[in-house]
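Enquirer: Just a sequence and a predicted model for now, questions to come.
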Amino acid sequence: MNRALKTIWAIMLIMVFTASCNKPDGQNPGNDPGNELNGHEYVDLGLPSGTLWATCNVGADTPEGYGDYFAWGEIEPKEFYGWKNYKYGRFVHERYELNKYCSDSVFGLNGFVDNLTLLEPDDDVASIIWGTAWRTPTIEEWEEMFQNTTSVWSSQNGVNGWRFTASNGNSLFLPAAGYYWNDELNAVDLGVYWSVTLNMEYPYRAWGFHFNSFQCHLCGSSDRNRGQTVRAVLVDQ
């Protein structure tokens, strides 16, 4: 092969290689719809732990969708979110009677204590509905995401929420979906997301990630019977 033909072949190979490795202009590699598992998309925020976050709430089909609401440790949405129909405890005669996830006998049914501080997989709605590759984040994972991104209150397709943008340019949108108390949806200007982490001091509550239009409250806790949204993360791959 003469020198001219070799040069032409070299140029063609470079063009093919470039076309196969580069994404189209404006396409964010971390938010690429190709990043999905079990039919659910995720985003790489370049976090120190390598944790990958789902782009939608459990029960939602879009990043701005509210999705379903769950009491802590329950795996199905319901019409009423109160202590009288909560799976793992009651509030009777001005006292809590927890029968699972209790770190203090004062709040346990007949002094019950099991010292479980994280939701077990069978009680983790993200794992049950999306598959065992997914789970609800710990409060430490919420903290890592928050501390390693910049955030701004914004709107996506007419839905308000916070957008968290990482140094790699990838971002995560969390809609302000409010929460259910009894049978009423409250405070749709708030975001109230569960973690798997129990509030050990007050075990009738569990930790989560909370925000309003002004600020994010990293370590908020809520009564476990409340109906709140869930954003999943990927288990180590």
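Expert: Ah, there it is. None of these values were measured; they are calculated from a predicted model.

Enquirer: Mind listing the strands the helix or strand harbouring Cys219 pairs with, and their directions?
Expert: Using DSSP states H and E, Cys219 falls within strand 216-223. Partners of strand 216-223 in the sheet, by DSSP bridges, are strand 205-211 (antiparallel).

Enquirer: State the next helix or strand along the chain beyond the strand holding Cys219.
Expert: strand 231-234.

Enquirer: What is that next one packed up against?
Expert: strand 52-57, strand 134-135 (3 or more C-beta pairs under 8 Å, 6 or more residues apart in numbering; DSSP states H and E). For glycine as for every other residue, the C-beta is placed from the backbone atoms N, C-alpha and C.

Enquirer: Show me what the shortest one packs onto, helices and strands only.
Expert: With contacts taken as 3+ C-beta pairs under 8 Å, 6+ apart, strand 134-135 sits against helix 125-130, strand 231-234.

Enquirer: For Trp53, which of the ones you listed is the nearest?
Expert: strand 231-234 (5.5 Å; C-beta to C-beta).

Enquirer: neighbouring contacts of that closest one?
Expert: 37, 40, 42, 51-54, 56-58, 126, 130, 133-137, 141, 174, 193 (C-beta atoms under 8 Å, 6 or more residues apart in numbering).

Enquirer: repeat for stretch 91-103
Expert: In contact with stretch 91-103 (C-beta under 8 Å, 6+ apart) are residues 73, 83, 88-90, 107-110, 112-117, 119, 123, 198, 200, 203-204, 224-225.

Enquirer: in terms of contact, does Arg226 touch Gly178 like I think?
Expert: No: at 10.4 Å, Arg226 does not count as touching Gly178 under the criterion of C-beta atoms under 8 Å.

Enquirer: Show me the common contact partners of these two, please.
Expert: By C-beta under 8 Å, 6+ apart, the residues touching both Arg226 and Gly178 are Val192.

Enquirer: More neighbours: which of these two?
Expert: Between Arg226 and Gly178, counting by other C-beta atoms under 10 Å, Arg226 is the more crowded of the two (23 against 20).

Enquirer: OK, contacts around Asn199?
Expert: 205-207, 221.

Enquirer: most surrounded residue in those?
Expert: That'd be Ala206 among the contacts of Asn199, by other C-beta under 10 Å, with 26 neighbours.

Enquirer: If we ignore the residues flanking it in sequence, what's nearest that one?
Expert: Trp72 (4.4 Å; C-beta to C-beta, 6 or more residues apart in numbering).

Enquirer: quick one: which helix or strand includes that neighbour?
Expert: Trp72 belongs to no helix or strand when assigned by DSSP H and E.

Enquirer: hang on, the earlier thing: buried ones among the contacts of stretch 91-103?
Expert: Burial by neighbour count, judged by 16 or more other C-beta atoms under 10 Å, picks out 73, 83, 88-90, 107-109, 119, 123, 198, 203-204, 224-225 from the contacts of stretch 91-103.

Enquirer: Tell me which entries of the residues you listed lie within helices.
Expert: Among the buried ones among the contacts of stretch 91-103, none falls in helices (DSSP state H).

Enquirer: So which of those residues are in strands?
Expert: 89-90, 198 (DSSP state E).

Enquirer: Now render the helices and strands packed on strand 134-135 as CSV, adding mean neighbour count.
Expert: What follows is the helices and strands packed on strand 134-135, written out as CSV (neighbours: other C-beta atoms under 10 Å):
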stretch, mean neighbour count
helix 125-130, 22
strand 231-234, 23
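
Enquirer: I'd like those as TSV, with mean pLDDT appended.
Expert: Shown next, in TSV, are these (pLDDT from 0 to 100):
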stretch	mean pLDDT
helix 125-130	98
strand 231-234	97
